[in-house]
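# dropping a prediction and its sequence here:
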Amino acid sequence: MTTIYNVTFKSAGQIEPRKGYSMRYAILVHGGVGSPKDNDAGCIRAAEAGEKVLAEGGSALEAVVAATVELEDEPTYNAGIGSRPRLNFECEMDAGLMTSDGKIGIVAAIKRVKNPVLVALKVMEETPHVILAGEGANEFARQKGFPDFDPVTDYRREILKGLIEKIKKGEEEKYMRYRGIVDGCDTVGAVALDSEGNFASANSTGGTNIQLPGRIGDSPVVGAGFFAGPAGAIVTTGLGEEIIRRMSAVRAHDAMAAGADAQKACEDATSVFKDEFSFGILAMTRDAAAWTDNRQMPVAVRSR
């Protein structure tokens, strides 16, 4: 039995066309639950990049990739440049893509690339596989011409040093067990609908603040961090372990397939998280683009 909590939504929204109309195309992006809501400049650029693709007749997949590249290139977000390093001060990044016709591409624990989402796209388009991880993903990226790139910024490095000092002082219980309270999770993501009626979703992240090498959260897990199907596209952000336990993305999609509107699906997905676990979700259908969160989350949307 699923427990429903009394959740205080920090923000929620829905964009929908005039009555009797459907959206021709749309893209919705976020900069991570826990990120300051006014840190939305990168989201606006990302939504504009995705909208440009859609306006020129591009696919939903091409749109979410273009948007996510913009988000990964924004160092204030925890993806691509500016990804959070592990306890060994190395970045291991995750990214995932899915289309409504079932195409999937994922990289997990990939190191030293600028744009993990572009490597995930190569996995989707140029291999028979769904997921490449670790050293295999690193080697694949080099084979496909992605240059060596260290995404760790001085800002992220100094934050980690400070957290390690707190762990040494005996605060490891607080930082290891309740990451959702201590820090924002900052996964970036995008969902899109194109003019052909296709959906796509994309996620990218550097993980959470305190994480062991090899840790993988929800972002590259189909059905947890992202999903796309006939009813729409979903991405989530928050404490990955808890999102995986609830398989939040596919549950929201299935709710929409059963008749729930996008906003209701988002609200119901958020309501199963205790307040101490940060969570945000985006949903796209043919009729609406919606989002909710229980912290704060920068978002941007463009539609026609």
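Yep, that arrived.
# strands along the protein, start to end?
Taking DSSP state E to define them, one finds strands in the chain at 11-15, 26-30, 93-99, 104-110, 131-133, 188-193, 199-205, 226-229, 232-238, 279-284, 289-293, 299-303.
# can I get those strands in a markdown table with mean neighbour count?
(C-beta placed from N, C-alpha, C; glycine too.) A markdown table is the format used below for the strands of the chain (neighbours: other CB atoms under 10 Å):
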| stretch | mean neighbour count |
| --- | --- |
| strand 11-15 | 16 |
| strand 26-30 | 31 |
| strand 93-99 | 31 |
| strand 104-110 | 25 |
| strand 131-133 | 20 |
| strand 188-193 | 34 |
| strand 199-205 | 32 |
| strand 226-229 | 29 |
| strand 232-238 | 33 |
| strand 279-284 | 32 |
| strand 289-293 | 28 |
| strand 299-303 | 22 |
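# lowest average pLDDT across those?
Set side by side, those give their lowest mean pLDDT on strand 11-15, at a mean of 68.
# to Glu48, which of the strands of the chain lies closest?
Smallest distance to Glu48 across the strands of the chain (CB to CB): 6.6 Å, for strand 299-303.
# residues touching the nearest residue to Arg251 once chain neighbours are set aside, list them.
Residue nearest to Arg251 in three dimensions, not counting chain neighbours: Ala269, with 6.3 Å by CB to CB, 6 or more residues apart in numbering. Contacts for Ala269 were tallied using CB atoms under 8 Å, 6 or more residues apart in numbering; they are 236, 246, 248, 251-252, 255, 279, 281, 292.
# quick revisit: closest to Asp148 out of the strands of the chain?
Proximity to Asp148, assessed across the strands of the chain by CB to CB, is greatest for strand 104-110 (12.1 Å).
# the closest one relative to strand 93-99, how many degrees between them?
For strand 104-110 against strand 93-99, the angle by axes from the mean of the first three to the mean of the last three CA atoms, to 10 degrees is 180 degrees.
# adjacent strands (with direction) for strand 104-110?
Applying DSSP bridges to the sheet, strand 104-110 is found paired with strand 93-99 (antiparallel), strand 131-133 (parallel).
# now it, how far from the chain's geometric center?
In terms of CA atoms, centre = their mean, to the nearest Å, the centre of strand 104-110 is set 13 Å apart from its chain centre.
# the helices in this structure, which residues?
Using DSSP state H, the helices of the chain run over 41-55, 60-72, 116-126, 134-143, 154-166, 172-177, 179-182, 240-246, 248-257, 262-270.
# between these, which one is nearest to Ser195?
helix 41-55 (7.0 Å).
# for that closest one, buried residues please.
Residues of helix 41-55 classed as buried: 42-51, 53-54 (neighbour count, 16 or more other CB atoms under 10 Å).
# and that helix, C-alpha only, in CSV?
The C-alpha atoms that make up helix 41-55 are tabulated as CSV, following Å, rounded to 0.1, in the frame of the first residue of the first chain:
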residue,chain,number,x,y,z
ALA,A,41,18.8,31.8,-16.9
GLY,A,42,20.2,28.4,-18.0
CYS,A,43,16.7,26.9,-18.1
ILE,A,44,15.5,29.7,-20.3
ARG,A,45,18.4,29.2,-22.7
ALA,A,46,17.8,25.5,-22.7
ALA,A,47,14.1,25.9,-23.5
GLU,A,48,14.9,28.3,-26.3
ALA,A,49,17.4,25.9,-27.8
GLY,A,50,14.8,23.1,-27.7
GLU,A,51,12.1,25.4,-29.1
LYS,A,52,14.3,26.3,-32.0
VAL,A,53,14.7,22.6,-32.9
LEU,A,54,11.0,22.0,-32.7
ALA,A,55,10.1,25.2,-34.7
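# quick check: angle from that helix to helix 60-72?
160 degrees.
# how far does helix 41-55 sit from the chain's center?
Distance, centroid of helix 41-55 to centroid of chain: 16 Å (CA atoms, centre = their mean).
# packing partners for that helix?
When contacts are defined as 3 or more CB pairs under 8 Å, 6 or more residues apart in numbering; DSSP states H and E, helix 41-55 sits against strand 26-30, helix 60-72, strand 188-193, strand 299-303.
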